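Engineer: sequence first, predicted coordinates after that:
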Amino acid sequence: MNRKKALVVFSGGQDSTTCMFHALKKYDEVELVTFMYGQRHALEIDVARKIADEHGLKHHVLDMDLLSQLAPNALTHDMQIDEDGGMPNTFVPARNMIFLSFASALAYQIKAGVIITGVSQTDFSGYPDCRNNFIQSMNLTANLAMDADFEIETPLMWLDKKETWALADGLGKLEYIRENTLTCYEGVPGDGCGTCPACELRNAGLEAYLKERGNDGVLSNPGS
């Protein structure tokens, strides 16, 4: 495997786009992989394609629609989002396990030694497949399954959203990520709907970072 080539698991959201820019700075070659799994905010596929095209990156889009058939959840079905207590109903069982399995298979084919994913144990919304011990387990499993030497890299694992915005700013890409990515559960690009849990987490982190950086911490319209 080529440790100078990275494959980024890429949704077109804040976290994965930050990982993309991190990869472009660190590795000689970067490719992206996006998964279609029946997500209700499927506009993210178009957003991911647009970002990939703008940066001239090879972009693989894999159909994983079977995920939407396995269990009802708020990301693949028309359900009220509920993240109050217990397991959030936005959790898609086995999603990251399946995504990383297919990403590993693709990395094997394109000879990429590094797989990058934007999961975070600090801001993991209660999803068990965003924790560091799961990633370490998947890394070992992928290497054993393919007799390979992959590294699954998680640049955001120990960062909260404020620190993720700081990383984006350090890469010189804060405004690009703010204006061009889609994190919102309701499928609204940029700063999103402002009320879903994903938007609240993203925007609170941005406000905290801007305040720390010396701005007033109040969100204005991107580009204003």
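Structural biologist: Sure thing, it's come through.

Engineer: please enumerate the strands of this structure.
Structural biologist: Under the criterion DSSP state E, the chain contains strands at 2-9, 29-36, 58-63, 112-116, 151-153.

Engineer: who does the fourth one touch, helix- and strand-wise?
Structural biologist: In this case it means strand 112-116. If contacts are counted by 3 or more Cβ pairs under 8 Å, 6 or more residues apart in numbering; DSSP states H and E, strand 112-116 sits against strand 2-9, helix 14-26, helix 95-110, strand 151-153. C-beta coordinates here come from the backbone N, C-alpha and C atoms, glycine included.

Engineer: need the nearest residue in space to Asp149, chain neighbours excluded.
Structural biologist: Met1 (5.3 Å; Cβ to Cβ, 6 or more residues apart in numbering).

Engineer: for that neighbour, give me its contacts.
Structural biologist: With contact set as Cβ atoms under 8 Å, 6 or more residues apart in numbering, Met1 has these partners: 107-108, 111-113, 148-150.

Engineer: bridging residues for Met36?
Structural biologist: With DSSP bridges as the criterion, Met36 is bridged to Asp63.

Engineer: re the thing from before, tell me which of the strands of the chain is the most buried.
Structural biologist: The highest mean neighbour count among the strands of the chain, using mean count of other Cβ atoms under 10 Å, belongs to strand 112-116: a mean of 24.

Engineer: before we move on, the earlier item: tell me how far the residue nearest to Asp149 lies from Ala107.
Structural biologist: Noted for Met1: a distance of 7 Å to Ala107, by Cβ to Cβ, to the nearest Å.

Engineer: now do the shared contacts for the two.
Structural biologist: The contact sets of Met1 and Ala107 overlap at 113, 150 (Cβ under 8 Å, 6+ apart).

Engineer: now mean pLDDT too, for the helices and strands packed on strand 112-116, in CSV please.
Structural biologist: As requested, those are exported to CSV (pLDDT from 0 to 100):
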stretch, mean pLDDT
strand 2-9, 91
helix 14-26, 97
helix 95-110, 93
strand 151-153, 97
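
Engineer: can you lay out those as a markdown table showing distance to Ala198?
Structural biologist: Below are the helices and strands packed on strand 112-116 laid out as a markdown table (distance: least, Cβ to Cβ, whole Å):
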| stretch | distance to Ala198 |
| --- | --- |
| strand 2-9 | 17 |
| helix 14-26 | 9 |
| helix 95-110 | 15 |
| strand 151-153 | 23 |
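
Engineer: ok, Cys45 to Phe99 distance?
Structural biologist: No, residue 45 isn't Cys; it's Ile. The spacing between Ile45 and Phe99, counted by Cβ to Cβ, is 14 Å.

Engineer: so how far is stretch 163-174 from its chain's centroid?
Structural biologist: Here stretch 163-174 shows a centroid-to-chain-centroid distance of 15 Å under the convention Cα atoms, centre = their mean, to the nearest Å.

Engineer: so where's the protein shaky on pLDDT?
Structural biologist: Applying pLDDT under 70 to the chain picks out residues 38-41, 67-93, 123-126, 215-224.

Engineer: residue contacts, the spatially most central residue of the chain?
Structural biologist: Among the residues of the chain, the one closest to the centroid is Ser16, at 3.5 Å (Cα atoms, centre = their mean). Ser16 sits next to 8-10, 117-118 when contact means Cβ under 8 Å, 6+ apart.

Engineer: for those residues, which one is nearest Pro189?
Structural biologist: Using Cβ to Cβ, Phe10 is the member of the contacts of Ser16 that sits closest to Pro189, with 15.5 Å.
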